[in-house]
Each structure stands twice: as C-alpha cells, then as structure tokens.
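*Asks:* The following block contains a protein sequence and its predicted model.
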Amino acid sequence: MNEQANTQDHQPTLDIHQLLKVRHEKLAALQAEGKDPFHITKYDQSHKSAQIKVRFDELSGSSVSIAGRVMAKRVMGKASFINVQDASGGIQCYVARDSVGEDTYTAFKKYDVGDIIGVEGLVFRTQKGEMSIHAEKIVLLAKSLQIMPEKYHGLVNTDLRYRQRHIDLIMNDAVRDSFIKRSRIISAMRRYLDGLGFIEVETPVLVANAGGAAARPFETHFNALSEDVKLRISLELYLKRLIIGGMEKVYEIGRVFRNEGLGTRHNPEFTLMELYQAYTDYAGMMELAENLIRHLALDVLGTTMLPYGEEMIDLGKPFMRLTMVEALLKYADIDFSTVETLEEARKIADKMGVHYEKRHKKGDILMLLFEECVEDKLIQPTFITEHPIETSPLAKKKPGCTDYVERFELFIIGREMANAFSELNDPLDQRARFIAQEELRASGDDEANAMDEDFLTALELGMPPTGGIGIGVDRLVMLLTNSPAIRDVILFPTMKSLEKQ
C-alpha cells in the first residue's frame, strides 16, 4: 500500500515534508471539531485478531471489537478495506458507508496508514475467502504523525531497525515473534528452576569490586558517597555469599555489563542467568544445563531439532563431552598432553599462527589455541571440560592435578552458551588465586580479577561444596529463534550515537 495513495489529495508527487504537514493538518482539523483522538482514554477489545481467526467458525456472524494499527488501506468509493494489526497479528476489516454512516465514513477516508483505530463489527468471510470483520462502528484512537515504511518492503536497513525498534516491531512479524519467544524462554527458565527448588534473588548492579569474570568493567562515580563504583560484570560473588548464608539453591536473571567490543555475539550489556547449588559439583551442573536447555526447546518450540542457519541442531540426544585437551587433538590434531613447558606451548602457538603475550603461561596458551582452532567447529552441543587453572581463578582444581580445574563450557553452533565450575571453597587457595590475578593486572591484564576481601571474609566462614553455572540468555535466545546476531534478540542494543558516526 503506497503512502501517497492515502493522503487526502492523492498527489503522488508530494514530498515527505508535505505529507507530514498534511497529517498535522488532519489532526488540527479533528481537534477544532472537538474530536481529538488523544482525548480518548480507553477502548474495550473483545478479541485479538488471532483469536478471531482461530475461532472463526464459532465467531462467524458474531459481533467483536478489536483495536490496532492501520497497516494498509484501500478506498473504493462507498466501501473500503483496511488491514488492522494488533499484538497477535492482523485482520482485514470491511468498512462500508451504509454500515458505519455517512459522517463516520467521511472521517474514515481521511485516516492514514499508521493510525491506531478501534473497530466493532460482525465476523464474516469475504467472497475471496478471507476472514474479516464487517465494521459497524469505527473510531480513531491515536493519530500517526509520522510516515510508515512501505509495507511490502518493510524496514530492511539493520542499523535503522536496531535504532528504531518500535518501527521494526510494527513492520516485521518475524522480529515481533522472536521477542515474544524471548519472553517465553525466560519465563520457562524461571518455572523450571523454581520447580527444582531454586530461589530467585537480586544482587547489586553497582559494586565496589567487579569480579567473577575476565572482563573490563564500566566505571562511574557515586555522588552521594563520593566514591567510584563499577557496573557488575558477573553475578557470581554475591550469589556465593548467599550459599554461605545457607540458601542452598539460588539463581538470578539480570543484566551484566562488560566494557568490550561490539559484534554479532557481543553486546556490552547483556542478560545472564547464574545459579548456585550447594552439595553438588560441575558434573551436576552439566546435567542441569543439558536438561534445562532441552526443556526450554520443548516448552517454547515443541521440538528438540532446531534449524540454525544452514545447520540442524539436535538437542534431543546426549550432549558430547570432551576435555579441552581432547578437543584440541580431535579438531586441530594438536596433542597438548605431551606439552610440558611454556616454550613448547609457544612453539605450537607460533606454528598455528595464534598470537600470545609475554605474560601468558602454558595454560593461557592452551586456552588461546582452543579458542582459535576448535571453538568454531563445535556445532552440535558439546561440553568442554578440564580448563587450565590459569584461566579459572574461581574453580576447584581437578583432584590430584595442579594444572586443570573442574570446569566446563557448553558450546553450540561454535558459541559459548554456558560456563560452570565446581566452585572453589578453600579460602586460602582462593586468596592465592586472587594474588596471582593481581599480578596479572599489574602486568597489564585489565580483565583479570581484583582482590575481593569482602568475599574472602565470607568464604572463610565456610562454604559447602557447590556447583555454579552461568548461561548467556541472549545467545540462548539466538539459538532458539534462529537469529544470526545478538542485536536481533536485544530490544534496544548498544549503538554508536549518530553524532559520532
């Protein structure tokens, strides 16, 4: 439906400024007549458009009332057709002068695409077989003063879509469906964890010490206390204090903030679900993660076979389990189990063209090799276990081993979906790990953890053996909605201001 075809004077040569002027003039005329649509405070809807279509046989011939946005309009003398879109979808409405009255029809002909209206009428099927509403009453509820994109081309510029999500939601059914699914995924996650006896909690966003992950925090100033504070990068350290306090199963779904780059997988603020369970370990977290993700797919999508791009992901069969060393051998033909010295690790990295820094130790290089040579090959769900201790300052050591810890990361479609530990509960070992992290910070690693005396004091009180896991909600939603970029599943992603471009 062409926007110019809906202007009062039907002049296709009108420029955008003239079109906007015409809309303002229409509103001014309504207000002068005492018919200001913005004075209407409510409208009673009996049904959504999708309900009418699903229950058409039952509702045929019955009176219904709907409300929504005019998405298309075709005026044909004494009768017209419009498409009205609400939260559930859209439905066609037939508006005839003889049914709504001369005055109402005259006013209706001045409506524009984008206006929000209420329609009351009888459910029927047109001669062409389309389920419709034969309007008996029609009312303008809000006047649109902006020009809608052309319906059949929609909003295709991705940068514009992210900046003007409100228009994106109006024009793109698939986008609206993805965000409805996101809401259902998070709700289903809560129900599942609540059913296992977990308690949902909230912990601080503004913190003195942003720990629990390898990331650079955002910093700000708290005027009332005259102190610098940070935005949290993780939920971990506060949730562990609740385990220490006797809350044996806790979880939080919340925003975390990491001062890092933008990309298809990264947004500086994102949603994280972290949970901690006393008296279990990372193997227990593996079982929970696999069961949770499979449950979400079944609950929201009704299947465990998921298309993603050109791949078909099978969440129904047991997830693969490999140690990091095994994965490096399987996918990159590198046998790291024979590497004993830092020099040997560096030679392998040089051979593979993997960049490392002088401060990196053998375990760091193992992680770098894995990230560069293996990650993107892990398409089907795969647990990667036994990470190097150098990259895991909050995880328990593997029994009888000084080089590796009880940790896993879950990868699907080459992306990290979850990260879990057998949580380190030895306060002396934890202090030593923090000291090592402080040394890394001094050497230039601004993503290393900082010493956290408050957390150590809590840990010294005694924490039971505990399993913990963090799941990136945005990446999980990307998987379950077949979305190629993280910005496609965040309603208002971080964008560079237009003034800076």
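*Replies:* Structure received.

*Asks:* wait, E136 sits on D98?
*Replies:* No - look at E136 against D98 with CB atoms under 8 Å: they stay out of range, at 10.6 Å. The way it works is simple: take the backbone N, C-alpha and C, and place the C-beta from them, glycine included.

*Asks:* So between those two, which is more surrounded?
*Replies:* Each of E136 and D98 has its neighbours counted (other CB atoms under 10 Å); E136 has more, 17 against 9.

*Asks:* Convert stretch 197-213 to CSV, retaining C-alpha atoms only.
*Replies:* C-alpha atoms of stretch 197-213 as CSV (Å, rounded to 0.1, in the frame of the first residue of the first chain):
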residue,chain,number,x,y,z
GLY,A,197,13.6,-25.7,44.4
PHE,A,198,15.8,-22.8,43.4
ILE,A,199,15.1,-19.3,44.9
GLU,A,200,15.3,-16.3,42.6
VAL,A,201,17.2,-13.4,44.2
GLU,A,202,18.6,-10.0,43.2
THR,A,203,22.1,-8.7,43.9
PRO,A,204,23.7,-5.3,43.4
VAL,A,205,24.4,-3.8,40.0
LEU,A,206,26.7,-1.1,41.3
VAL,A,207,29.7,-2.7,43.1
ALA,A,208,33.0,-1.6,44.6
ASN,A,209,34.7,-4.6,43.1
ALA,A,210,33.5,-6.1,39.7
GLY,A,211,34.7,-9.7,39.9
GLY,A,212,33.6,-13.1,38.9
ALA,A,213,34.7,-13.0,35.2
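
*Asks:* list the buried ones in that stretch?
*Replies:* Within stretch 197-213, the residues that count as buried by 16 or more other CB atoms under 10 Å are F198, T203, V207, N209, A210, G211, G212, A213.

*Asks:* which residue ranges form the strands in the stretch 101-250 of the chain?
*Replies:* Here the stretch 101-250 of the chain has its strands, by DSSP state E, counting those that start in this stretch, at 116-125, 131-142, 199-200, 206-207, 219-222, 227-231, 249-257.

*Asks:* what packs against the top helix by length along the chain?
*Replies:* For the chain, the helix with the greatest residue count under DSSP state H is helix 173-195. For helix 173-195, the elements it packs on are helix 165-171, strand 199-200, strand 249-257, strand 269-278, helix 282-301, helix 473-481, judged by 3 or more CB pairs under 8 Å, 6 or more residues apart in numbering; DSSP states H and E.

*Asks:* Just send the strands of the stretch 101-250 of the chain back as JSON lines, with distance to A448 and mean pLDDT too.
*Replies:* Formatted as JSON lines, the strands of the stretch 101-250 of the chain follow (distance: least, CB to CB, whole Å; pLDDT from 0 to 100):
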{"stretch": "strand 116-125", "distance to A448": "53", "mean pLDDT": "98"}
{"stretch": "strand 131-142", "distance to A448": "53", "mean pLDDT": "98"}
{"stretch": "strand 199-200", "distance to A448": "30", "mean pLDDT": "98"}
{"stretch": "strand 206-207", "distance to A448": "16", "mean pLDDT": "96"}
{"stretch": "strand 219-222", "distance to A448": "16", "mean pLDDT": "95"}
{"stretch": "strand 227-231", "distance to A448": "14", "mean pLDDT": "96"}
{"stretch": "strand 249-257", "distance to A448": "17", "mean pLDDT": "97"}
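
*Asks:* Any idea which of those strands gets closest to K240?
*Replies:* strand 249-257 (9.2 Å; CB to CB).

*Asks:* And H153, what's its pLDDT?
*Replies:* For H153, the model assigns a pLDDT of 53.

*Asks:* again with the one 10 residues further on
*Replies:* The predicted local distance difference test score for R163 is 91.

*Asks:* Pull out the buried positions in stretch 132-140.
*Replies:* Applying 16+ other CB under 10 Å to stretch 132-140 flags S132, I133, H134, A135, E136, I138, V139, L140 as buried.

*Asks:* To clarify, my last question referred to stretch 255-269.
*Replies:* Within stretch 255-269, the residues that count as buried by 16+ other CB under 10 Å are V256, F257, R258, N259, N267, P268.

*Asks:* closest to D15 among these?
*Replies:* Among the buried residues of stretch 255-269, N267 lies closest to D15 (CB to CB), at 37.1 Å.

*Asks:* Doesn't that closest one belong to a helix?
*Replies:* No - counting by DSSP: H, G, I helix; E, B strand; the rest coil, N267 falls outside a helix, being coil.

*Asks:* any idea how far G89 is from it?
*Replies:* Distance, N267 to G89, by CB to CB, to the nearest Å: 29 Å.

*Asks:* again, but for A418
*Replies:* Taking CB to CB as the measure, A418 falls 34 Å from G89.

*Asks:* So for these two, which sits in the more crowded spot?
*Replies:* Taking other CB under 10 Å, A418 and G89 do not tie; A418 has more neighbours (24 against 17).

*Asks:* Excluding chain neighbours, what is closest to the more buried one?
*Replies:* Using CB to CB, 6 or more residues apart in numbering and skipping residues adjacent in sequence, the residue nearest A418 is L410, 4.0 Å away.

*Asks:* just G309 next, same as before
*Replies:* P484 (6.9 Å).

*Asks:* That neighbour contacts T264, doesn't it?
*Replies:* Yes - with contact defined as CB under 8 Å, P484 counts as touching T264 (6.6 Å).

*Asks:* Worst mean pLDDT among the helices and strands packed on helix 173-195?
*Replies:* Looking at the helices and strands packed on helix 173-195, the bottom one is helix 165-171 with a mean of 93.

*Asks:* Which residues does it contact?
*Replies:* 69, 71, 85, 148-149, 151, 154-155, 160-162, 175-176, 179, 491-492 (CB atoms under 8 Å, 6 or more residues apart in numbering).

*Asks:* Show me how far it is from its chain's centre.
*Replies:* Relative to the chain's own centre, helix 165-171 is displaced by 16 Å; criterion: CA atoms, centre = their mean, to the nearest Å.

*Asks:* Cheers, nothing more for now.
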